[in-house]
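Trainee: Below is the sequence, then the predicted model.
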Amino acid sequence: MRWVAFYVPLLSLLLVACRDEKPQAQVERPVLFDEVAGQQLLAEARFTGTVQPRHQLVAAFRQSGRLLSRQVEVGQLVRTGQLLASLESSDQRSELRSRQGEFERAEVLWRNAHDELARYQGLYRQGVGSQARLEQLNSEMLVRAATLRQARIALQRAEEHVQQTQVLADLDGVVTAWHAEVGQVLASGTPVVSLARLDSLEVWVDVPTHWLGPLTEADEPLRIWVAPMSARAEGSWARVRQVDPLLDPGTRVQRLRLALEQLPADFHLGSLVSVALSPQLAVTEPELPASALWGQAGQHFVWRIDRHSSQVRAVAVEVLSQTGSRVRVRGALQPGDRVVSAGVARLHEGQQVRLEERSGS
């Protein structure tokens, strides 16, 4: 029984030691986080736009010279072929008269040579005259014909030079601007006058950049109502046809070009109109720091923090775009979800974390 007296106290000591040992607590890892932003309700907004032409032509002279006259004024309706402006053309008209005289002389000489050849051919067929004289007259007629062709080409060129001292309307429209004054010396190709077609009017409006997404990128873009300032009920629905790529550095707005479903009778070139954007819930995809992403087997994930247990869960996401250090993602994230934004590689599924605020936030 000696062994009993020896082992019983030892067994008691071991049981006491096991009872006093405490379970090891799970270590919480401090993490930085970002919160998924919620949807925003965009209120109705009104902007002032202007009616502008979609197609506009800038006319110019095809040769240099001094501007002699402007035949139309800004806002005047013009027809195709109507004279708009002219240059001093004394030199060109002098050249034209000279070329006309040369052409007339060449035509007379050619006609005389032609008639003389025809007369001598008749005599030669009757046995009067020589073969040498006939060939000489034929050669002379060919030379006169070549001279006449050259004179005709020179005359046509002189006529073109005179025509180039005038600017004619290439379309039916309205004069929108003059770019040169009477007496100004213009180089060839210098813009002189602008014409606008009236059968393709549209509306230009400047809007803040945060409206561009709901207006252009949404599955169901905001509806745009355009109406005259005087009678807003008589308007038309419109859609965004083009967004100018340049951002105004001072006002931070971008220009939209709106195509109208129908052109109201009160819409005239240059008139001011009211542009109303209908209210809509702006559904935007979450934007997170790029450091919140981690990958596995070609799939992107983020760690979502459970609000009750403070444990992290992996959520698969699709990267839509990246701007600098921010990425726009699509996945099973809801507004208000907290996502680990730094140190994602050291975490594992179900790990307990402690939220840390960013310094300076």
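Mentor: Right, received. Where do you want to start? Residues are numbered from 1 along each chain as shown.
Trainee: F267: what's it in contact with?
Mentor: The contact partners of F267, by C-beta atoms under 8 Å, 6 or more residues apart in numbering, come to 51, 201, 228, 260, 273. (Glycine included, C-beta is placed from N, CA and C.)
Trainee: partners of G65 in the sheet?
Mentor: Beta-bridge partners for G65, by DSSP bridges, are L186.
Trainee: mind listing what it touches?
Mentor: So G65 contacts 87-89, 165, 185-186 (C-beta under 8 Å, 6+ apart).
Trainee: Make a PyMOL selection of the buried ones in those residues.
Mentor: Here is the PyMOL selection string for the buried members of the contacts of G65, based on 16 or more other C-beta atoms under 10 Å:
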select buried, resi 87+89+165+186
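Trainee: Keep only those of the contacts of F267 that are in strands.
Mentor: Using DSSP state E, 51, 201, 228, 260, 273 are the members of the contacts of F267 that sit in strands.
Trainee: where's the second one relative to R79, distance?
Mentor: Meaning L201. Per C-beta to C-beta, to the nearest Å, L201 is found 19 Å from R79.
Trainee: Tell me which of the two has more neighbours.
Mentor: Taking other C-beta atoms under 10 Å, L201 and R79 do not tie; L201 has more neighbours (20 against 9).
Trainee: Show the model's pLDDT score for the closest residue to that one other than its chain neighbours.
Mentor: Leaving aside its sequence neighbours, L201 sits nearest to V51 (C-beta to C-beta, 6 or more residues apart in numbering; 5.4 Å). In this prediction, V51 carries a pLDDT score of 91.
Trainee: ok, V51 - contacts?
Mentor: Listed by C-beta under 8 Å, 6+ apart, the contact set of V51 reads 201-203, 267-271, 273.
Trainee: Also S194?
Mentor: Neighbour list for S194: 56-59, 175-179 [criterion: C-beta under 8 Å, 6+ apart].
Trainee: Whichever of the residues you listed end up buried, select them in ChimeraX.
Mentor: Applied in ChimeraX, the following selects the buried portion of the contacts of S194 according to 16+ other C-beta under 10 Å:
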select :59,175,176,178
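Trainee: Now the residue most central in space within the chain. Its backbone dihedrals?
Mentor: For the chain, the residue nearest the mean C-alpha position is D244 (5.0 Å; C-alpha atoms, centre = their mean). The phi/psi pair for D244 (degrees, to the nearest 10) reads phi -60, psi 130.
Trainee: how about the longest strand along the chain: buried residues?
Mentor: Ranked by residue count under DSSP E, the longest strand found in the chain is strand 312-323. Across strand 312-323, burial judged by 16+ other C-beta under 10 Å covers 312, 314-315, 317.
Trainee: Count the neighbours of S98 for me.
Mentor: Neighbour count for S98, taken as other C-beta under 10 Å: 13.
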